[in-house]
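Asker: Coordinates for the following, if possible.
(chains A and B)
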Amino acid sequence: MIIFDKVTKRLGGKTVLNEVSFEVPRGETFVIVGLSGAGKSVTLKHMVQLMRPDSGAVRIGEDVISAARGAELERMRRRFGVLFQGAALLQWLSVFENVALPLRELTKMTPEEIEKTVREKLRLLNMEDSMETFPSDLSGGMQKRVGLARAIVMNPEIILYDEPTSGLDPVTSRLIDKLIENLRKELGITSVVVTHDLHSALAIGTRIMMIDGGKIVENATPEEFIESTNETVQRFLEAQYITRRGAWEKGMEQHV
Amino acid sequence: MIAPFKEIYRYIDLPIKSSRRLGRIIVLACHDMGNALIMLASATLYIRTLWKPRARYETAMQLYVTGIKSLGVITVVAFFTGMILALQTGLELRRFGQEVNIGTAVTVVMIREMGPFMTGLIIAASVGSAIAAQLGTMAVSEEISALEVMSINPNRFLVMPRLVALAVMMPILTVYTNILGILGGGIVGSTQLGVSFQAYLDNATRYAENKDLYVGLFKAFIFGIIISTVACYQGLSTIEGAVGVGRATRQTVIISFLMILIIGYMITRLFYI
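Answerer: So this is what the prediction gives:
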């Protein structure tokens, strides 16, 4: 379980997170939505201590990750896989080497075991044919799929997704959505997804939280979220042509 | 009535604002220097992981980039440095009929100062800037964050191989610069100043001491550590996209040049006074 306890973060004189408190239960797909600059990615970065809160604490179960250092922090981070917005693949390594990197650096697996594991993960994402390709020769969608393969290669308990479908075509977006959903259903992995895409959020989320101006304006199940009377939420829904249940249910049917 | 007071206030306020700004610059510089030294210490401790295949491969790659890929420009610069030194000192010494001593002048100046100094400047401008640009691009595209989240320490994975490569390669390249510089001086001596190559070499080896060579190589080693530390620190702390990468590259070259000059002087003073 991920717990945010009154987390405040100021960046460049602006309060990005203002005493934010919420919990992500184990095995859920927790989606964080909001406008650009609302503090979604900052929230995500606090979960793996890429940022430290000015006040408050972030806990992963019993571990206080926001206060951890050195080997303790490394141990906590190994519970996570992260898919970055731009995939963040190392450009001088091939697809295979990128996915194999954490296995080579952090485990004592033999080269044969590493190859088997990497192939398995890449097959899951339909990227097995591009193993020797370099990231610069891949499209944005393919890079994200490789990034996702790298995020899951160590079999993490929790996966964080920063805008997993931004800049992707609808078909690839739904493929990524389906993968996130499958990881939850089949492996019980806890997922935290930051996205602008409400269609995707409503389809994959078991809980949706909206941040605006550094504060949580809604934290609800998809059913409750769509019915929210909060003005900010309603404006956000309308901006994506989602009006109450109709459009969302249609999206869900297509997806499932 | 108020306007003149405003003018006076502006003149009073100016030194206060300037001193505040200067104070902020000094504090930030100390902060950066402290963080860079922590990064250097951390990378140095990780040298014990050099036996691992990936670390060995990455270090070999950096040795290749630093050494082999810089040879062309170093060859030209070293050769012409020696030629200029020989010509300038030779023309002056000829006035006293002492042009035969250009061998000593060129050799001592090359191995004590110009060899490590010129090599340091070239490596800072070519390799140091490239390291800052590469790590800076990695930082702004979240590749460094990705490494951190995977519990792969960037100081071990990225800084240590570059530190080792530059610290090892700088003295080697300095020896190469020295040899070419002395050869360049010899060619100028024999073709322009009427000093035979054999006489030039005899003169060159007669007065140069082993200490000159060791101090020069020590300087080169220190310059290698300076360039790699400055470049890696500037690269890893890059923010603000492409503008930030440009800034990191420029800062790397400027800071490395200044430190090479200042530390070079201090080492000379330490060993020769």
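
Asker: Kindly list the longest helix within chain B.
Answerer: helix B:2-45 (DSSP state H).

Asker: helices and strands around the next helix or strand along the chain from that helix, which ones?
Answerer: Using DSSP states H and E, the helix or strand that follows helix B:2-45 towards the C-terminus is helix B:53-67. With contacts taken as 3 or more CB pairs under 8 Å, 6 or more residues apart in numbering or on different chains; DSSP states H and E, helix B:53-67 sits against helix B:160-192. Bear in mind the C-beta positions are built from the backbone N, C-alpha and C, glycine included.

Asker: Now do the helix it packs on, average pLDDT.
Answerer: Helix B:160-192 shows a mean pLDDT of 94.

Asker: Ok, stretch A:2-16 next?
Answerer: 88.

Asker: So what touches it?
Answerer: If you take CB atoms under 8 Å, 6 or more residues apart in numbering or on different chains as the criterion, stretch A:2-16 is touched by A:17-24, A:30, A:39, A:42-43, A:46-47, A:51, A:53-60, A:66, A:158, A:190, A:192, A:214.

Asker: Strands - which of the residues you listed land there?
Answerer: Among the contacts of stretch A:2-16, the members falling in strands (DSSP state E) are A:17-24, A:30, A:55-60, A:158, A:190, A:192.

Asker: What is the burial count for residue 24?
Answerer: In the absence of a named chain, this looks at chain A. Neighbourhood size, residue A:24 [other CB atoms under 10 Å in any protein chain shown]: 22.

Asker: I was thinking of chain B, sorry if that wasn't clear
Answerer: Other residues near residue B:24 come to 10 when the count uses other CB under 10 Å.

Asker: Quick check: it vs chain A, distance?
Answerer: Remark: distance between residue B:24 and chain A (CB to the nearest CB, to the nearest Å) = 16 Å.

Asker: And residue B:176, how far from residue A:32?
Answerer: 56 Å (CB to CB, to the nearest Å).

Asker: next one: residue A:47
Answerer: Distance check for residue A:47 against residue A:32: by CB to CB, it reads 10 Å.

Asker: who's more crowded, the two?
Answerer: Taking neighbours as other CB under 10 Å, residue A:47 and residue A:32 compare with residue A:32 leading, 28 against 22.

Asker: wait, is the more buried one part of a helix?
Answerer: No - counting by DSSP: H, G, I helix; E, B strand; the rest coil, residue A:32 falls outside a helix, being strand.

Asker: Secondary structure element holding residue 81?
Answerer: Since you didn't name a chain, this refers to chain A. Using DSSP H and E, residue A:81 sits within strand A:80-83.

Asker: wait, chain B
Answerer: Assigned by DSSP H and E, residue B:81 falls in helix B:71-94.

Asker: Could you do residue A:89 as well?
Answerer: Using DSSP H and E, no helix or strand contains residue A:89.

Asker: Which positions in the stretch 51-200 of chain A make contact with chain B?
Answerer: A:74-75, A:77-78, A:80, A:82, A:84-86, A:88-91, A:101-102, A:104-106, A:150, A:154 (CB under 8 Å from any CB of the partner chain).

Asker: Would you show me how to pick out the buried ones of those residues in ChimeraX?
Answerer: Buried subset of these, written as a ChimeraX selection, criterion 16 or more other CB atoms under 10 Å in any protein chain shown:
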select /A:74,77,78,80,82,84,85,86,88,89,90,101,102,104,105,150,154
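
Asker: picking up where we left off before, what do residue A:47 and residue A:32 both touch?
Answerer: residue A:192.

Asker: The helix or strand just after the strand holding residue A:81 packs against which elements?
Answerer: In the C-terminal direction, the helix or strand that comes right after strand A:80-83 (DSSP H and E) is helix A:95-106. Applying 3+ CB pairs under 8 Å, 6+ apart, we find helix A:95-106 packed against helix A:111-124, helix A:140-152.

Asker: Pairing partners for the strand holding residue A:81, with directions?
Answerer: Paired neighbours of strand A:80-83 in the sheet (DSSP bridges): strand A:158-162 (parallel).

Asker: Just want the angle from the partner strand to strand A:29-33.
Answerer: Compare the direction of strand A:158-162 with that of strand A:29-33 by axes from the mean of the first three to the mean of the last three CA atoms, to 10 degrees and you get 20 degrees.

Asker: what does strand A:158-162 rub up against?
Answerer: Applying CB under 8 Å, 6+ apart, the contact partners of strand A:158-162 are A:2, A:41, A:44, A:47-48, A:60, A:79-85, A:151-152, A:180, A:183, A:189-195.

Asker: Can you name the element that comes right after it?
Answerer: Assigned by DSSP H and E, the successor of strand A:158-162 is helix A:170-187.

Asker: between that next one and helix A:111-124, how many degrees?
Answerer: 120 degrees.
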